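S.K.: sequence first, then the predicted structure:
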Amino acid sequence: MKKMGKGAALLLLLVAGYLLLGVAAWLMPDASVRRHVEQTVAFGDMGEDYPKAIVHDHYGDMDPYMMDNYTDALILNQALCLRSEGLKGMLLLPRHDEGMVQSQSLRHLLEGTDGGWTSHYARYWHGTTYVARLLLVVTSYSGIRYLLYLCSSLLLLWCMIRLWRTLGWVRMAIIAFALMMVNVFVMQFSLQFVPVLMLATGAIVWMTYHPAHDGGLAMLTVGSLTVFFDLITVPTITLGLPLVVWVAMHRDEDWRKGLWHLVQLGLWWLAGYILTWMAKWGIATLVTGENVFADAYGQSVYWSEGGNSYIGQAISTNLEMLHWKWVVVALVALLAMVVWKPRAEGWKEAVRYLLLALIPFGYYVVMAHPAMHHAWYNYRALVVAVAAVLMAAAAMVDWEKIVKLKSEK
């Protein structure tokens, strides 16, 4: 009960921090924000809704190398309109809408073109919009994109160094490999995608510095921050990847006790995730007078229609986006190592990894309809499955014998 009380207090502090950040963004001068949005449009940064990042490959209508300029333009649209309805705009997140591509709506908003209407997007926290408005005071979208890439690259580097020092080069390489299999570099360029990546890697870094911590309140924080920043892209990354690393760090723990500990950590994350959603709906409804609960319910009904019929297609469509041939090569190499130098007790660790590998598939079952339509970015949830399966195989290898054999030679 004492820990639950701490969790409740922490959640209240987080929600208060979200509101303060929203107020800070709202207070930013419109003139500076508008000037940098105008530069963004003039430079053609929003010319395409779904451009390719670095690699130009084609998979029909959906491409795993696609960037989401459409949603990034929506974020800039909201940042520009944040003060258009007074302080309520901080919770309603108004934007100029024309029922067309967001880049054109953004351009027409700047030009003052007649037509269109104001749409509200109040069911999300839109923490990324707050951060974008703060940054738009000093730079354009290109500057924000460079900053995101720099910060996420430094965080990834820090994460890999910490994994190497804490878990060794094999497990570090597995996490890095899994991220490459879902085109992590595409995530780094986008306001839409980068929050979950930075939250997951940030949580991993924290865990490596606090191995003795039980992790419950940390996972509550990560679950809450995921809701604040993410627009339901691949939220399970912030759950699954830290838990994969957690198992690796506590691989000598009794497997039954370790399994229960994993369940507890997952529940802490889920509590932070669900309660932060409800906090936004409740605060926005009370302050603005709009029934945000009804809006959220209507959207959930829309996306859940025929959900069961989409499950198989959602899973298969997302799996098709993955770089399977390289995953299979890595898995076969590790299994060959298992045959050569097996570790008798490795199955206890492997069982926990394999359970974590089910997380993205659980997400596809619950979110089947949107996961199928947005497979070109939802497939990145599979990074958890790739990392977990390869970690399970590595757990079955007696690396100490291999190192000893190498040193003898």
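M.R.: It's in. Remember, it's a predicted structure, so these values are computed and weren't measured experimentally.

S.K.: the strand or helix carrying residue 86: how far from the chain's middle?
M.R.: Assigned by DSSP states H and E, residue 86 belongs to strand 84-87. Chain-centre distance of strand 84-87: 29 Å, with Cα atoms, centre = their mean, to the nearest Å.

S.K.: list the buried residues for that strand?
M.R.: For strand 84-87, the neighbour count (16 or more other Cβ atoms under 10 Å) marks 84-85 as buried. Bear in mind the C-beta positions are built from the backbone N, C-alpha and C, glycine included.

S.K.: one more: stretch 283-300?
M.R.: In stretch 283-300, counting by 16+ other Cβ under 10 Å, buried: 283-285, 287-288, 292, 295-296.

S.K.: below-threshold pLDDT in the stretch 1-150 of the chain: ranges please.
M.R.: Along the stretch 1-150 of the chain, segments meeting pLDDT under 70 span 44-45, 47, 54-62, 100-101, 113-114.

S.K.: ok so, going back, dump the strand holding residue 86 to PDB, restricted to CA.
M.R.: The C-alpha trace of strand 84-87 is given here as PDB (Å, rounded to 0.1, in the frame of the first residue of the first chain):
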ATOM      1  CA  SER A  84      -6.400  30.600 -30.800                       C
ATOM      2  CA  GLU A  85      -9.000  29.700 -28.200                       C
ATOM      3  CA  GLY A  86      -7.500  31.100 -25.100                       C
ATOM      4  CA  LEU A  87      -6.000  28.900 -22.400                       C
END
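
S.K.: after that strand comes which helix or strand?
M.R.: helix 89-92.

S.K.: how far out from the middle of the chain is that next one?
M.R.: 23 Å.

S.K.: just stretch 250-262 next, same as before
M.R.: Per Cα atoms, centre = their mean, the centroid offset for stretch 250-262 relative to its chain is 26 Å.

S.K.: over to stretch 111-126?
M.R.: Here stretch 111-126 is found 25 Å from its chain centre; the criterion is Cα atoms, centre = their mean.

S.K.: that one spans what distance, first to last residue?
M.R.: Counting by Cα to Cα, to the nearest Å, you get 25 Å between the two ends of stretch 111-126.

S.K.: which other helices and strands contact the longest helix anywhere in the chain?
M.R.: In the chain, ranked by residue count with DSSP state H as the criterion, the top helix is helix 255-288. When contacts are defined as 3 or more Cβ pairs under 8 Å, 6 or more residues apart in numbering; DSSP states H and E, helix 255-288 packs onto helix 2-27, helix 89-92, helix 216-229, helix 237-249, helix 292-304, helix 346-356.

S.K.: and the angle from it to helix 346-356?
M.R.: 20 degrees (axes from the mean of the first three to the mean of the last three Cα atoms, to 10 degrees).

S.K.: helices of the stretch 301-409 of the chain, start to end?
M.R.: 307-320, 324-340, 346-356, 359-366, 368-373, 375-378, 382-395, 399-408 (DSSP state H, counting those that start in this stretch).

S.K.: from residue 178, how far out is residue 382?
M.R.: According to Cβ to Cβ, to the nearest Å, residue 382 stands 9 Å off from residue 178.

S.K.: residue 318 now?
M.R.: 15 Å.

S.K.: then residue 39?
M.R.: 37 Å.

S.K.: who's more crowded, these two?
M.R.: residue 178 (24 against 16; other Cβ atoms under 10 Å).

S.K.: tell me which helix or strand that one sits in.
M.R.: Counting by DSSP H and E, residue 178 is part of helix 169-181.

S.K.: what helices or strands is that helix leaning on?
M.R.: helix 141-167, helix 237-249, helix 324-340, helix 382-395.
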